[in-house]
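K.L.:
how would this look folded up:
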Amino acid sequence: CCACGGGSTDGTATLSPTPAPTPVPTNSTSNVTTCTDNPVGWYDRDGPENNCTWYSENAFFNGITNGTTCGDIGDSYENFNTTANQACCACGGGTTDGTVTLSPTPA
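P.N.:
A predicted model of the protein is given here:
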């Protein structure tokens, strides 16, 4: 510095490198939508083993597949007035607004 006997009086100054600016933090929270199978506990007319989990895990039906069980038979085998494609999140159905219907229990 000039007051300390250093610095420059001839108009030529060497600037020290400064650190790169730190980016302003951004809010990393995103809107996450939770899907719930609806009706809760839904299964197709063939019985409780053919539920939304079954539809999400199986991609083969009677030797013919279009890639997913939802795609193959998701609009068939209605139960509780609902198909897998309507009831199961894995098939593009379900609900994201928190409103669910409880499935009737078998007699």
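K.L.:
list the buried residues of the lowest-mean-pLDDT helix or strand in the chain.
P.N.:
Every helix and strand in the chain was compared by mean pLDDT, DSSP states H and E; the lowest is helix 69-73, with a mean of 85. Neighbour-count burial for helix 69-73, with 16 or more other Cβ atoms under 10 Å as criterion, is recorded at 69, 70, 72, 73. Just so you know, the C-beta spots here come from the backbone N, C-alpha and C atoms, and that holds for glycine as well.
K.L.:
which strands and helices sit next to that helix?
P.N.:
Contacts of helix 69-73 with other secondary structure elements, assessed using 3 or more Cβ pairs under 8 Å, 6 or more residues apart in numbering; DSSP states H and E, are made with helix 52-57, helix 84-87.
K.L.:
which one of those helices has the poorest average confidence?
P.N.:
Taking each of the helices and strands packed on helix 69-73 in turn, the one with the lowest mean pLDDT is helix 52-57, at a mean of 89.
K.L.:
what's the neighbour count on residue 101?
P.N.:
Applying other Cβ atoms under 10 Å, we find 15 residues neighbouring residue 101.
K.L.:
who are the neighbours in contact with it?
P.N.:
The neighbourhood of residue 101, defined by Cβ atoms under 8 Å, 6 or more residues apart in numbering, consists of 38, 39, 40.
K.L.:
assign the first one to helix, strand or coil.
P.N.:
Reduced to three states with DSSP: H, G, I helix; E, B strand; the rest coil, the structure at residue 38 is coil.
K.L.:
for the remainder of this discussion, apply numbering that starts at 775.
P.N.:
Yep, numbering from 775; the last one is residue 812 now.
K.L.:
surely it and residue 870 touch.
P.N.:
No - checked against Cβ atoms under 8 Å, the pair residue 812 and residue 870 is beyond contact range at 9.5 Å.
K.L.:
and those two? Which one has more around it.
P.N.:
Set side by side, residue 812 and residue 870 show more neighbours around residue 812, with 23 against 11, by other Cβ under 10 Å.
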